[in-house]
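Asker: below are the sequence and a predicted model for it; my questions follow.
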Amino acid sequence: MPAASDSKFPVKISDPQGCGRFTGRVIRNVDPGAPTPAWMKERLERAGQRAISALVDVTNYVMLELGRPLHVYDLDKLAGGIDVRLGRKGERVKLLNEMTVDVDESVLCITDRSGPIGLGGIMAATRPRPIPRHGTSCSSRRSSTRRRSPGARAATTLRAMRHIASSAAWTSTTTSPASSARPG
């Protein structure tokens with residue numbers, strides 16, 4: 001699906017060894033109250049995932065199908081751009097499973113200006129809430145190696161999100177420049 005606008009969200013990779021590519025897509029006019037289809041809830045439950053909301057469930061479904069971490073953020077609640085970096089001594093993060101963990105210098109973190117918003121490839125934080133309430137979100141994907149073409153991954157993600165945002169205005173993808181430095 002072509003981009004509907006030139007909107008972009010800043011993404012930076014400070015640790016290209018841990019994350020060779022981090023891609024995001026800004027999605028507008030999302031219905032955060034859209035129900036998750038029953039077939040998707042059932043497949044997620046069989047895979048050991050609990051249904052949370054349509055936006056979170058779609059990202060979990062696509063992650064399980066592609067074997068790639070995927071997450072959705074409420075852009076209105078992010079503090080500045082996203083940076084993928086190693087943790088810093090003294091940082092703590094409360095994860096979606098309600099566990100609070102100490103982050104150390106060996107842990108890859110997805111961050112904004114306020115600190116970690118998730119552990120790279122593991123789990124997102126409870127802050128910012130991953131459930132957009134205002135209809136604007138950013139879908140993101142991190143990978144350390146390439147297996148499928150970016151176009152194939154994007155097509156799968158777009159197909160899975162159509163029932164949530166059939167009238168959404170899709171905007172352009174932001175990929176960190178560090179991804180172009182990795183061998184393909």
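Answerer: Right, received. Where do you want to start? Numbering: from 1, shown residues only.

Asker: which SSE is Thr59 in?
Answerer: Thr59 belongs to helix 54-66 when assigned by DSSP states H and E.

Asker: helix or strand right after that helix?
Answerer: Past helix 54-66, the next helix or strand by DSSP H and E is strand 70-74.

Asker: hey, what's the angle from that next one to helix 54-66? Just curious.
Answerer: Interaxial angle of strand 70-74 relative to helix 54-66 (axes from the mean of the first three to the mean of the last three Cα atoms, to 10 degrees): 160 degrees.

Asker: can you list the buried residues in strand 70-74?
Answerer: 70-74 (16 or more other Cβ atoms under 10 Å). C-beta here means a position set from N, CA and C on the backbone, and glycine is covered the same way.

Asker: CSV for those residues, including pLDDT?
Answerer: Formatted as CSV, the buried residues of strand 70-74 follow (pLDDT from 0 to 100):
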residue, pLDDT
Leu70, 83
His71, 83
Val72, 83
Tyr73, 84
Asp74, 83
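
Asker: can I get the residues you listed in a markdown table with distance to Arg21?
Answerer: Formatted as a markdown table, the buried residues of strand 70-74 follow (distance: Cβ to Cβ, whole Å):
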| residue | distance to Arg21 |
| --- | --- |
| Leu70 | 13 |
| His71 | 15 |
| Val72 | 18 |
| Tyr73 | 17 |
| Asp74 | 23 |
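
Asker: which one of the residues you listed is nearest Gly18?
Answerer: His71 (16.3 Å; Cβ to Cβ).

Asker: ok, the residue lying closest to that closest one once chain neighbours are set aside - how many residues close by?
Answerer: Distance criterion Cβ to Cβ, 6 or more residues apart in numbering; nearest residue to His71, sequence neighbours excluded, is Ala124 at 5.0 Å. Ala124 sits with 24 neighbouring residues when counted by other Cβ atoms under 10 Å.

Asker: beta partners for Ala124?
Answerer: Gly118 (DSSP bridges).

Asker: which other helices and strands does the helix holding Thr59 contact?
Answerer: Under the contact criterion of 3 or more Cβ pairs under 8 Å, 6 or more residues apart in numbering; DSSP states H and E, helix 54-66 touches helix 38-46, strand 70-74, helix 150-161.

Asker: other SSEs contacting the shortest one?
Answerer: What that stands for is strand 70-74. Short answer (3+ Cβ pairs under 8 Å, 6+ apart): strand 70-74 packs on helix 54-66, strand 136-143.

Asker: ok so, going back, show me the contacts for the residue nearest to His71.
Answerer: 71, 95-96, 110, 117-118, 130 (Cβ atoms under 8 Å, 6 or more residues apart in numbering).

Asker: buried ones in stretch 52-69?
Answerer: Neighbour-count burial for stretch 52-69 [16+ other Cβ under 10 Å]: 53-64, 66, 68-69.
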